[in-house]
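Q: dropping a prediction and its sequence here:
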Number of protein chains: 2
Amino acid sequence: MSSLKPLVQEAAPLRRKISASLREAMTNGSLPPGTRLVEKDLCQDLGVSRTALREALRELEAEGLLERGTRGVMVAGVTPDEARNVYAVRAALEGLVAEQFARQADEQDFAALEAVVAALSTAYRAEDFPAILSEKDRFYEVLCLGARNPVVHDLLTRLNSKINRLRSLSRSNTDRGPQSLREIEAIAAALRTRSPELSRAAAVAHVERAAEAALKFEDALAKPDAA
Amino acid sequence: MSSLKPLVQEAAPLRRKISASLREAMTNGSLPPGTRLVEKDLCQDLGVSRTALREALRELEAEGLLERGTRGVMVAGVTPDEARNVYAVRAALEGLVAEQFARQADEQDFAALEAVVAALSTAYRAEDFPAILSEKDRFYEVLCLGARNPVVHDLLTRLNSKINRLRSLSRSNTDRGPQSLREIEAIAAALRTRSPELSRAAAVAHVERAAEAALKFEDALAKPDAA
DNA sequence: TTGATATTATTGTCAGACAAAAGGGGAGGC
DNA sequence: GCCTCCCCTTTTGTCTGACAATAATATCAA
């Protein structure tokens, strides 16, 4: 009886769908940073009551995706400084889970790792950006699973949602796809050696390169007056 | 005109007071892990409407302090594994900000550091546990401020709120007050040398010792059947 | 005791209401 | 013309009451 599927029931409360919808709109750019969210308008657009909408807003606010203005909430932006810090934190956290994975993962975890790296490889080659992002998230999920560290997974998810827009923008505007894929394969290779030090180094290196690309891109975005 | 006080206005929305009250109840033990939160009861106890209460619940839920049961929410507990991971993450994050502080702090930041270390020293000597906890939080705030890294401050606050109960329990039941104070002074001393490596090491060491104490204590809590 | 069924309790959502505060805009003063 | 003050509108924060859906519980039958 150990091979029964978890049987996930999809009883998503309405507010969860609302927050998911808003999150999506924020990352895909239809709700750019600084946009004021007016409850009545959103209610009409989404066809829901203010009660449910406001609960969704509280969730997003607690996640840091919205910030309070003088009146109500607005879409939170990411300053270059903030982005830099987010990447620094990601480096620290991903280094940690890589280390833990190297120490604690079993064969099943490694199998999952192979699978997701393969999927990523396919997505990269197809230049399917949405797929790349979601497979990347899956990659971190597998990593944290093998590291037996759901705490980090939670934090990474939160951090990534903050810089998701930046991620997708920089990904489609820079050309480091193959580079990125190679780095990820390097992480997987390091993990297979079971060396905590090598694994950590590979993970940190990957984040640092990604940070470099994304920040260069954002700097260009932040000061278009320099043109 | 640079020395005007910020004049923090206390326009706390009701839901914020509610979530603060519940948080407090959770850390001080009057709402132990596993407790089911029944909306109607809470409304009566707090004297607020369900609307406001539910928004507060969504905030706490997003913070990870509450988890969904089959029906409604319950107070989230912290398993020993989870606690271990939280401490591992704290070590990584506090090491990072210590490094950043050593690199980027100015005289003002160092002055604030001295001040909070002095306050901590007083609190420790007086064995004033609530004061210790709040000064400790302040210590991290100063650290992150000097490190120019509000992102980490946010994450640390979140993590700490999860293990706050554990922190206060283990603090009043173990006897590592003087030890802890010495470690903190060691961090401050390392920061003064401006050496990123020394600072990181001191910060990491402190978290690791705290983890050791807290986890030993929690293990004892988790299996009282072994007696 | 077990199994099926009725009852109750509780959540998720809605609609409508209101005070309070923020914002905007125009009238009047300079 | 520009600034200030006041009024009006908009928007939020909160409350009340309602309802369907469903989980928990009690009730009854076999």
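A: Good, I have the coordinates. Numbers count the residues shown, from 1 in each chain, chains lettered A, B, ... in the order given.

Q: residues of chain A that sit close to DNA strand D?
A: For chain A, the contact set with DNA strand D under CB under 7 Å from any atom of the strand comprises A:Ala11, A:Arg36, A:Leu37, A:Val38, A:Glu39, A:Lys40, A:Arg50, A:Thr51, A:Arg54, A:Arg68, A:Arg71, A:Gly72. For every residue, glycine as well, the C-beta is placed using N, CA and C.

Q: OK, contacts around the fourth one?
A: Think A:Val38. For A:Val38, the contacting residues are A:Gly72, by CB atoms under 8 Å, 6 or more residues apart in numbering or on different chains.

Q: give me the nearest residue to the residue in chain A that DNA strand C sits nearest to, chain neighbours excluded.
A: Nearest residue of chain A to DNA strand C (CB to the nearest atom of the strand) works out as A:Leu14 at 2.6 Å. Of all residues not flanking A:Leu14 in the chain, A:Ala52 sits nearest, at 5.0 Å (CB to CB, 6 or more residues apart in numbering or on different chains).

Q: secondary structure element holding that neighbour?
A: helix A:50-63 (DSSP states H and E).

Q: and the angle from that helix to helix B:50-62?
A: Orientation check (axes from the mean of the first three to the mean of the last three CA atoms, to 10 degrees): helix A:50-63 against helix B:50-62 gives 30 degrees.

Q: residues of helix A:50-63 that come out buried?
A: Buried residues in helix A:50-63, counted by 16 or more other CB atoms under 10 Å in any protein chain shown: A:Ala52, A:Leu53, A:Arg54, A:Glu55, A:Ala56, A:Leu57, A:Arg58, A:Glu59, A:Leu60, A:Glu61, A:Ala62, A:Glu63.

Q: so the last one touches A:Arg158, yeah?
A: So that's A:Glu63. Yes. Counting by CB atoms under 8 Å, A:Glu63 does reach A:Arg158; the two are 6.1 Å apart.

Q: what mean pLDDT would you report for stretch A:194-204?
A: Taken as a whole, stretch A:194-204 has an average pLDDT of 98.

Q: in chain A, what residue is nearest chain B?
A: A:Ala62 (3.5 Å; CB to the nearest CB).

Q: any idea how far B:Arg68 is from the residue nearest to that residue when sequence neighbours are not counted?
A: Nearest residue to A:Ala62, sequence neighbours excluded (CB to CB, 6+ apart): B:Ala62, at 3.5 Å. Distance, B:Ala62 to B:Arg68, by CB to CB, to the nearest Å: 12 Å.

Q: and for the closest residue to A:Arg194 other than its chain neighbours, the neighbour number?
A: Counting by CB to CB, 6+ apart, A:Arg194 lies nearest to A:Ala102, which is 5.3 Å off, once chain neighbours are set aside. By other CB atoms under 10 Å in any protein chain shown, the residues close to A:Ala102 number 23.

Q: just A:Ala202 next, same as before
A: 24.

Q: circling back to that earlier point, just the pLDDT for the residue nearest to A:Ala62.
A: 96.

Q: A:Glu63 is in contact with that one, correct?
A: Yes. Here B:Ala62 reaches A:Glu63: they are 5.8 Å apart, a contact under CB under 8 Å.

Q: mutual contacts of the two, please.
A: With CB under 8 Å, 6+ apart, B:Ala62 and A:Glu63 have no common neighbours.

Q: which regions of chain A sit below the pLDDT cut-off?
A: Within chain A, the stretches with pLDDT under 70 are A:1-10, A:172-173, A:218-227.

Q: show me the contacts for the residue nearest to A:Ala62.
A: For B:Ala62, the contact set (CB under 8 Å, 6+ apart) comprises A:Arg58, A:Glu59, A:Ala62, A:Glu63.

Q: likewise A:Arg148?
A: Counting by CB under 8 Å, 6+ apart, A:Arg148 touches A:Gln100, A:Gln104, B:Asp81, B:Asn85.

Q: filter those down to the buried ones, ChimeraX style.
A: In ChimeraX syntax, the buried subset of these is picked out as below (16+ other CB under 10 Å):
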select /A:100 /B:85
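
Q: could you dump the contacts of A:Arg148 to JSON lines with distance to B:Ala211 and secondary structure?
A: Rendered in JSON lines, the data for those read as follows (distance: CB to CB, whole Å; DSSP: H, G, I helix; E, B strand; the rest coil):
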{"residue": "A:Gln100", "distance to B:Ala211": "15", "secondary structure": "helix"}
{"residue": "A:Gln104", "distance to B:Ala211": "17", "secondary structure": "helix"}
{"residue": "B:Asp81", "distance to B:Ala211": "13", "secondary structure": "helix"}
{"residue": "B:Asn85", "distance to B:Ala211": "10", "secondary structure": "helix"}
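
Q: returning to that earlier point: the residue of chain A closest to chain B and DNA strand D, how far apart?
A: 14 Å (CB to the nearest atom of the strand, to the nearest Å).

Q: report how many residues lie close to the closest residue to A:Gly77 other than its chain neighbours.
A: Take A:Gly77 and drop its neighbours on the chain: the residue closest to it by CB to CB, 6+ apart is A:Pro33, 3.0 Å away. Neighbours of A:Pro33 under the rule other CB under 10 Å: 14.

Q: just A:Ala98 next, same as before
A: Neighbours of A:Ala98 (other CB under 10 Å): 26.

Q: same thing with A:Leu46?
A: When neighbours are counted by other CB under 10 Å, A:Leu46 registers 16.

Q: got the CA coordinates for stretch A:187-201 in PDB?
A: Output of stretch A:187-201 as PDB, limited to C-alpha atoms (Å, rounded to 0.1, in the frame of the first residue of the first chain):
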ATOM      1  CA  ILE A 187      24.900  21.600 -10.600                       C
ATOM      2  CA  ALA A 188      23.400  18.200 -11.300                       C
ATOM      3  CA  ALA A 189      26.800  16.800 -12.100                       C
ATOM      4  CA  ALA A 190      28.200  18.200  -8.800                       C
ATOM      5  CA  LEU A 191      25.300  16.700  -6.900                       C
ATOM      6  CA  ARG A 192      26.000  13.300  -8.400                       C
ATOM      7  CA  THR A 193      29.500  13.400  -6.900                       C
ATOM      8  CA  ARG A 194      27.900  13.800  -3.500                       C
ATOM      9  CA  SER A 195      30.400  16.500  -2.600                       C
ATOM     10  CA  PRO A 196      28.700  19.200  -0.500                       C
ATOM     11  CA  GLU A 197      31.400  21.700  -1.400                       C
ATOM     12  CA  LEU A 198      31.300  21.200  -5.100                       C
ATOM     13  CA  SER A 199      27.500  21.200  -5.100                       C
ATOM     14  CA  ARG A 200      27.300  24.400  -3.200                       C
ATOM     15  CA  ALA A 201      29.800  26.100  -5.400                       C
END
